[in-house]
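In: kindly generate the corresponding structure for this input.
(one chain, ligands or ions: 2)
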Amino acid sequence: MNKMTVKDIDVTGKRVLVRVDFNVPLDAATGAITDDSRIRASLPTIKYLIERRARIILMSHLGRPEGKPSKEFSLAPLAERLSQILEKTVVFTPDCIGPNVEKSVASMKAGDVLLLENLRFHAGEEKGDETFARALARLGEVYVNDAFGTAHRAHASTAIITKYLPSVAGLLLEKEIITLGNLLKAPEHPFVSIFGGAKVSDKVGVLKNIMNKVDCLLIGGGMAATFLRAMSLEVGTSVVESNSLGVAGELIKQAKESSVRLVLPVDVLVTKLINRTAVGKVVPVDAIPGDQQIVDIGPGTLDIFRKELEKARTVFWNGPMGVHEIPQFARGTEILARMLGGLKAKTIVGGGSTAEVIETMGLAGKITFVSTGGGASLEFLGGKQLPGVVSLLDKK
Ligand code: 3PG
Ligand code: MG
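Out: Ligands and ions are numbered 1, 2, ... in the order given. Next up, the predicted model:
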């Protein structure tokens, strides 16, 4: 990586302002943290700074509170969880800027850790407002961006604050960029990429950019319907993105021209309605009933996927294979997750809901690398520059 990291700068005893991505999934009913892997992923940087007796000021967003304070999106429970994990007091400030916050920061001792309240309680954060960025910058002497999951956003705390403080990458951000960067630069072949999830439009950039690097593309999830339709198959009531049909057709053509095996489902699970009591039926993709929609990939498809994966030396996966929130439509996603866990290949999983599946199934230890970035990893693999990375100091 051509950016300076926290290891390239003197942090000893300094007030270090660290942007982390503590945007963790919360239980809708209780508000409890359902997966704390984003917190755990930030520990190497936090511990590195504690060891160097820095004063560590952490900041993050949580959810999309739209510029206003709300109890639902408070970071207070995150301070508590981090404190348990670190076995150390984490001071929490009920705002992220202002004189009271500055007072709390001024009373910090070497090695102390403090977490600021949700950055997105201020409209200036998402607007990339300079006054807000300066108010944050006043808190620290050095800025560290470790929020890979938010690096694709040009917000005040990710891309604007870097104008006011010496700015370097954290150890998680560095690891993400190196690991995902190697997928594009030097993957071991055969390289198989699996894409799922609802929309083709979300994945066009990454599909186009990865096409000439992979040997095989496996497509599942809701987005498969658009590809199948582009092949002139009838997909019943499945959602087809009519403005992505052209690009799906182009991708199929591009794959043929570059000798990439683009594998679409050969059988799917279909149902009339998507709800907790619905029962699906497996049908071949050329026999999808007109009044039914695709909710998962079928066993025949999983067999083909397995054969491709067993040959692979590098695998990247992003996006569930079906409506995995409903247990009877989660089978394809879960079997695929277990398949990945059993491979000898280097396996990399893109963040968001795919990472959540891996974590909930307890498979993270069997995967080479689970990215903490959903949108960020897709944009990066799509060849885009991430604003939160670009704005950091270049390595000398
Ligand atoms: C994410 O989880 O996608 C990141 O934390 C960024 O959040 P956002 O999509 O609300 O900008
Ligand atoms: Mg997002």
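In: any low-confidence regions in the stretch 1-150 of the chain?
Out: Along the stretch 1-150 of the chain, the model assigns pLDDT under 70 to no residue.
In: in it, which spans are helices?
Out: Using DSSP state H, counting those that start in this stretch, the helices of the stretch 1-150 of the chain run over 37-41, 43-51, 76-86, 99-106, 123-127, 130-137.
In: taking helix 99-106 as reference, get the angle to the last one.
Out: In this structure, helix 130-137 runs at an angle of 30 degrees to helix 99-106, with axes from the mean of the first three to the mean of the last three CA atoms, to 10 degrees as the basis.
In: count of neighbours near residue 341?
Out: Residues near residue 341, counting by other CB atoms under 10 Å, number 16. Every C-beta, even on glycine, is put in place using the N, C-alpha and C of the backbone.
In: got it, and residue 133?
Out: 23.
In: contact residues of this structure facing ligand 1?
Out: 21, 23, 64, 149, 150, 153, 374, 375 (CB under 6 Å from any ligand atom).
In: which of the residues you listed lies closest to ligand 1?
Out: residue 23 (3.4 Å; CB to the nearest ligand atom).
In: go ahead and confirm the closest one touches residue 149.
Out: Yes. Between residue 23 and residue 149 there is a contact at 6.5 Å, judged by CB atoms under 8 Å.
In: what do those two both touch?
Out: The contact sets of residue 23 and residue 149 overlap at residue 38 (CB atoms under 8 Å, 6 or more residues apart in numbering).
In: between these two, which one's more packed in?
Out: Taking neighbours as other CB under 10 Å, residue 23 and residue 149 compare with residue 149 leading, 29 against 22.
In: got the contact list for that one?
Out: 21, 23, 38, 351, 372, 373, 374, 375, 376.
In: can you name the helix or strand that the last one falls in?
Out: Just to be clear, that refers to residue 376. Element membership for residue 376, per DSSP states H and E: helix 375-381.
In: from the contact counts, what lies against that helix?
Out: helix 171-185, helix 204-210, strand 314-318 (3 or more CB pairs under 8 Å, 6 or more residues apart in numbering; DSSP states H and E).
In: how about the following helix or strand past the last one as PDB, C-alpha atoms only?
Out: What that stands for is strand 314-318. Per DSSP H and E, the first helix or strand lying C-terminal to strand 314-318 is helix 331-341. C-alpha atoms of helix 331-341 as PDB (Å, rounded to 0.1, in the frame of the first residue of the first chain):
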ATOM      1  CA  ARG A 331     -30.100 -23.200   2.300                       C
ATOM      2  CA  GLY A 332     -28.200 -22.300  -0.900                       C
ATOM      3  CA  THR A 333     -26.400 -19.500   1.000                       C
ATOM      4  CA  GLU A 334     -25.600 -21.700   4.000                       C
ATOM      5  CA  ILE A 335     -24.400 -24.700   1.900                       C
ATOM      6  CA  LEU A 336     -22.200 -22.300  -0.100                       C
ATOM      7  CA  ALA A 337     -20.800 -20.800   3.100                       C
ATOM      8  CA  ARG A 338     -19.900 -24.300   4.400                       C
ATOM      9  CA  MET A 339     -18.300 -25.200   1.100                       C
ATOM     10  CA  LEU A 340     -16.100 -22.200   1.300                       C
ATOM     11  CA  GLY A 341     -15.100 -23.000   4.800                       C
END
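In: could I get the buried residue list for helix 331-341?
Out: Using 16 or more other CB atoms under 10 Å as the test for burial, helix 331-341 gives 331, 332, 333, 334, 335, 336, 337, 339, 340, 341.
In: ok so residue 268 is a helix residue?
Out: No. Going by DSSP: H, G, I helix; E, B strand; the rest coil, the assignment for residue 268 is strand, not a helix.
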